[in-house]
Structures are given as structure tokens and as C-alpha cells.
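Enquirer: I need the structure of the sequence given here:
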Amino acid sequence: MPIALSPPFRPRNGLTKFTNCRLLRGDKLVEEDLWVSSLSGKVVNSQAAFFDDLVLPDQTIDLGGRIVSPGMIDVQLNGAFGFNFSTLLDDMSQYGKKVKEVQKLLVQTGVTAYNPTITSQRPELYQKALPFLGPSGHLQEAEDGAESLGAHCEGPFLSPTKNGVHNVDVLIEAQTYEDLEACYGKHNLTPRAEGDKIPIKYITAAPERGQMMKLIPELTAKGIIYSVGHSEATYEEASEAVGQGATMITHLFNAMRPLHHRNPGIFGVLGIAESLPRPYFGIIADGIHLHPTTIKIAFNSHPDGFILVTDAMHLVGLPDGAYPWTNGDTTCNIVKVGSKLLLENSNTIAGRMGMLTLEPNHPSSITLLECVNNFLQWTGTGIPHALKAVTATPAAMLGLQGVKGSLDAGADADLVIFSEAKTPDRPSTLVLDEVWKFGTRVHRVIHNL
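Expert: Purely as a prediction, here's the structure:
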């Protein structure tokens, strides 16, 4: 069993040089050195530092051929380590403390940035919880762990026939932008001062419901990403949503109209004309939500839009066992068995709570690295493509290319160091060794031989 250690280490002059390593550069692993600074929190231009500034690194780390990747980004995380972001606490000051606890543990899984996700809830929860979930990395405190890149509001403007695990009783329609403000809170949709960031980074909504289609441009004009999901949208409606500014699809294939040879539905927009940009899309590679072949089809249809997500709930990181779960007004016990979640006293996958016979349109309990390794095993596409799906591609979807998900000079020095576990006749598996945040090592795993 590996022994997990988390000793924050900050070099004296702030410069660390990694050598004898393979860096993720686009679609390739390149043998190259990497310099990072814990003072600026950035990847450093090594040529400028050495030849122009005449600076030597405080320490040089020989990685013995291991892989250096940008830190992983999970754009859809409902909770972890026992805390559900869609929880309204009697004392909301404790909510912020719970979020910080999750972030310190989440970074130990290799996720250095994420979008905390709130599922469909009543307005009170959004308005009270969202201020705790906004972008959190401006202070560059490595010891804080994973940073929020802004909240993801998955609902409540969803189709009641594609609600998945979402409580249908709280689903609503928006006719005007004021309806969005009444739900999420005006203060969560509008910056308080010029240059301020708002808590919400993106929302998932069904474009065919109410007047949501007409509201997409107003949302995107405010810097809020619109994602199509939990939707009965036809191919034509999904195409119109993309034309209006939708740039993302939430967990492709799950909780949406299925692909049909005469109406490809939402999936069809991945093949639309070049006059419209093809959207990014999330894929849950847990072996439950989607068949491996379906994942290969999705990847091959649009590799540059492919994003691996966990859609994990609060049970991720907890041992197997039975745990209470409240969804709206319904409470039950969910049994965690590995990455599978079952309703207690049944073999039914936990999902839409009222029916007990469900499609797998429910949260998972898988880690993002497990999704990456599943993708490697099922598709054989290679490590660079798998890592790109949790680094550069989600960063681009969020408009953070060059800041997150990159090892280029000037990018945030969020790093994950991997070893490869090789077995005959099977693709390699990535093994987490170290995690660095803003140029500071925050987690290391010592593996027993």
C-alpha cells in the first residue's frame, strides 16, 4: 500500500528545475527540462532565467524519466470526502470551512483546479452557497490545495423528462434574465466592481425549455459559459443553441435524447458545419455511465473537444459503506461499492430517487485519475491524449488556456508527476507520485516496493 505524505516544500530562492523527465506538450511527451517558481507561482522561461538573469535553480530534481503533466482539472464535481456542495447548512460559515477541507484533500488526487457543481436546488441554496464557491486562486496559497475556477450550476433549468438524479420538484423554466437572477441571486451573476470575478463560471440548462434559447447570448456576454445538458433538445435545437453561444455539452449521452439515425440529437452538433464551432463535451469514464466503445466514438468524433469529468458526489474518497443522501425532500441511504453507487437493499444503481429502476444518469464516486486510466485502457489512444482531456482541453473550455492546463512559460505552476505502470499486452497505467501547486510541492506518495 502506498504511504501518502503531504509535506509542503518551498525552495529558498523559489526556483526548482526538473530534469530527466518527459513533459506533456500538446499531443506528445517531450524530453525536456522544466523550471518553476514558488515565488511567482508560474512556470519559468529557463533560457531567460539562466542566460539573461544569470540565475541558477535552488534545487534540481532528477525525475528518472517520469512524466510531468499540468495539474488535472475537473470541471464537474458535486462534492467529495463526505461533503456535498448542494448542502444547505444551518450555520453557513461552516460551509466555507467544509469547502476548504475538500480542496486540501482533492489536490492529493492530482486535481489542482475544479468547478464545484451545485445540482438543481431551490433558490435559497444557490444564493447562500455560491459566494463560497467562486474562483479561489487569486492569493496563490499552495497550502489551500485545489482551487475553484468558479461554480458550475447544473440546473434547475432542466427538462423534467431528462432530470436524471435531479429532483423534478425544483425544476423551473426561465422566461427572462430576471428569472435567472431570482434563482441564482443577482449578486452571483453580476460583478460588484469592474474587474471582479463572479462566483458562477458556467451553467447547464436545457435550451428548449421556456425562453432559455434567447437568454444564452446575455449569459455569455457576462462571461458565463452555457452548457447544454439534461435536455430533450433535437439536433436543430441543439444547433441553434450553439449558434446562440453554447460552447459545452454536459456529460454527453447521459440525460439527453439518444442518438438516432434520422435525428442525431445533441450528439449531432459535434459534426455540424464549419460555420458553427463544435462545442466541448464532458465524458464520465467510470464504466457505468457509458460503454467504452461509446467513449471511443465520442473521442474520435471531436478529439479537441473531449473532456474527462468525474461528476463525482460526496462519497468519492470515502471507504465503501452505506451513507445517507438527501436530494431535495427525499432522503435515503446509498451504498458505495468501489466506484459503483447502489440504493441500499437493492442492486439498483443510485439515480432518480422516486422510481428505483433507473438509467445511470446519476453522480459517480470515481476519481479523475481513474477516469484517465480507464480511458487509456479502453481506447489505446496514448497518454498525451488522455492527459490533454483533463488539462489543456478543460482549460480552453473555461477560457483559461495559457494559464491552466499548460507547461508553457507564464502558466500557473500546477503540476502532477506520474510514473508509468507497464504490464504485458496492456496500455500503461499512470501512477500518481507528486502534486505541485503554484510551484510548491503539496503532496508526495512513497510507494512500497
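Enquirer: what is the neighbour count of N448?
Expert: N448 sits with 6 neighbouring residues when counted by other Cβ atoms under 10 Å. Every C-beta, even on glycine, is put in place using the N, C-alpha and C of the backbone.
Enquirer: ok, L189 next?
Expert: 21.
Enquirer: all helices for the protein, in order.
Expert: In the chain, the segments counted as helices under DSSP state H are 46-47, 93-106, 123-129, 177-184, 212-221, 235-244, 292-301, 368-379, 383-388, 392-397.
Enquirer: so which of these comes closest to L415?
Expert: Of all the helices of the chain, helix 383-388 sits nearest to L415, with 11.8 Å by Cβ to Cβ.
Enquirer: who touches the closest one?
Expert: Residues from elsewhere that reach helix 383-388 (Cβ atoms under 8 Å, 6 or more residues apart in numbering): 24, 26-29, 67, 69-70, 72, 299, 303, 308, 372-373, 375-376, 420, 428, 430.
Enquirer: residues of the strand ranked longest in the chain that come out buried?
Expert: Once the chain is assigned using DSSP state E, the strand that runs over the most residues is strand 426-437. By 16 or more other Cβ atoms under 10 Å, the buried positions in strand 426-437 come out as 427-437.
Enquirer: thinking again about what came up before, looking at the helices of the chain, spot the one closest to I446.
Expert: helix 368-379 (17.3 Å).
Enquirer: what helices and strands are in contact with that closest one?
Expert: strand 72-77, helix 292-301, strand 306-309, helix 383-388, strand 426-437 (3 or more Cβ pairs under 8 Å, 6 or more residues apart in numbering; DSSP states H and E).
Enquirer: for it, what is the average pLDDT?
Expert: Taken as a whole, helix 368-379 has a mean pLDDT of 96.
Enquirer: what ranges of this structure fall below the confidence cut-off?
Expert: Low-confidence segments of the chain, defined by pLDDT under 70: 1-11, 50-54, 273-274, 326-330, 343, 346-364, 449.
Enquirer: beta partners of L342?
Expert: V335, I349 (DSSP bridges).
Enquirer: please report the distance of it from E370.
Expert: Distance, L342 to E370, using Cβ to Cβ, to the nearest Å: 18 Å.
Enquirer: neighbour-wise, which of the two wins?
Expert: E370 (21 against 16).
Enquirer: find the nearest non-adjacent residue to the more buried one, please.
Expert: In this structure, E370 finds its nearest non-sequential neighbour in S339, 6.8 Å apart by Cβ to Cβ, 6 or more residues apart in numbering.
Enquirer: isn't that neighbour up against S365?
Expert: Yes: counting by Cβ atoms under 8 Å, S339 does reach S365; the two are 5.3 Å apart.
Enquirer: could you tell me how many residues sit around D408?
Expert: 14.
Enquirer: for it, give its distance to A389.
Expert: With the distance defined as Cβ to Cβ, D408 ends up 18 Å from A389.
Enquirer: ok, now L23?
Expert: Counting by Cβ to Cβ, the gap from L23 to A389 is 17 Å.
Enquirer: which one's more surrounded, those two?
Expert: A389 (27 against 18).
Enquirer: so who does the more buried one touch?
Expert: Contacts of A389 by Cβ under 8 Å, 6+ apart are 283, 306-308, 372, 375.
Enquirer: quick one: which of those has the most company?
Expert: L308 leads those on contacts (other Cβ under 10 Å) with 30 neighbours.
Enquirer: that one bridge partners, please.
Expert: Assigned bridge partners for L308, using DSSP bridges, are I283.
Enquirer: isn't it right up against T381?
Expert: No: using Cβ under 8 Å, L308 makes no contact with T381, being 11.8 Å away.
Enquirer: just give the nearest non-adjacent residue to L89, would you?
Expert: That would be Y95: by Cβ to Cβ, 6+ apart, it lies 5.1 Å from L89.
Enquirer: also A80?
Expert: V316 is the one closest to A80 (Cβ to Cβ, 6+ apart), at 4.7 Å.
Enquirer: the one you found and G14, how far apart?
Expert: For V316, the distance to G14 - Cβ to Cβ - is 33 Å.
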